[in-house]
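K.L.:
Build me a model:
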Amino acid sequence: FPVVALCCCLSTLSAQANLAPSAETRAAMDKIRFLEGNWKGSGWIRMGPQKHDFIQTESVKTHANGTVLTIDGLGRDAANPDMVVHQAFAVISYDQAADKYLMRAIRGDGNHVDADFVVNPDGSIVWGFEHPMAGKVRYTIRNESGAWVENGEASRDGKIWMPFLEMRLVRE
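P.N.:
Reported below is the predicted structural model:
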């Protein structure tokens, strides 16, 4: 029994050592790797008629041999930094069989959304979802000279888009 157990452990360890993501998965994840790191900046959000300024931090890390990206975001009221106005966590990976990214975003209240996530040919990222009250919601992330610039928009008909969020972050 000890010899069999040792062989099983060694074969598992050797298989783990040879794990490598496919070229397709590596290429897909490389397209969003610019997000990796710690970011800080400011922005505004409009909820109804009121516009609120906030200070934002984002901690972005890769996991599982570079095949998963996590984003941990925290927004604090600009006038009162002790007040958290937004907190979210997202997990992004690439589904090679379906040839698409998978994204689950979880808010600080525990609610989540499985979002569409696309990397455009210009390198910008568009992610979004359908919201029962707001309609279509989309966020566009751009790498502008090393800054993470993100805009949020909502549309009831998919044609007219109303901006509700903008933030600009720099790598710390």
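K.L.:
and stretch 82-96, what's its mean pLDDT?
P.N.:
Averaged across stretch 82-96, pLDDT comes to 95.
K.L.:
Check which residues of that stretch are buried.
P.N.:
85-86, 88-90, 92-94 (16 or more other C-beta atoms under 10 Å). Quick note: C-beta positions are derived from backbone N, CA and C, even for glycine.
K.L.:
Stretch 64-80 now?
P.N.:
Here stretch 64-80 shows 67, 69, 71, 73-76, 78 as buried, counting by 16+ other C-beta under 10 Å.
K.L.:
Stretch 160-172 now?
P.N.:
161, 164-165, 167, 169, 171.
K.L.:
Are we agreed that Met29 is in a helix?
P.N.:
Yes: Met29: assigned to a helix according to DSSP: H, G, I helix; E, B strand; the rest coil.
K.L.:
what helices or strands is the longest strand along the chain leaning on?
P.N.:
Ranked by number of residues, the top strand in the chain under DSSP state E is strand 50-63. Of the remaining helices and strands, those touching strand 50-63 by 3 or more C-beta pairs under 8 Å, 6 or more residues apart in numbering; DSSP states H and E are strand 37-47, strand 68-77, strand 84-95, strand 162-171.
K.L.:
who touches the first one?
P.N.:
When contacts are defined by C-beta atoms under 8 Å, 6 or more residues apart in numbering, strand 37-47 is touched by residues 51-60, 75, 78, 85-86, 147-148, 150, 152, 163-172.
K.L.:
Give me the angle between it and strand 84-95.
P.N.:
120 degrees (axes from the mean of the first three to the mean of the last three C-alpha atoms, to 10 degrees).
K.L.:
Each with direction, which strands does strand 37-47 pair with?
P.N.:
strand 50-63 (antiparallel), strand 162-171 (antiparallel) (DSSP bridges).
K.L.:
just to revisit the earlier point, JSON lines for the helices and strands packed on strand 50-63, including distance to Asp30?
P.N.:
As requested, the helices and strands packed on strand 50-63 are exported to JSON lines (distance: least, C-beta to C-beta, whole Å):
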{"stretch": "strand 37-47", "distance to Asp30": "15"}
{"stretch": "strand 68-77", "distance to Asp30": "11"}
{"stretch": "strand 84-95", "distance to Asp30": "10"}
{"stretch": "strand 162-171", "distance to Asp30": "18"}
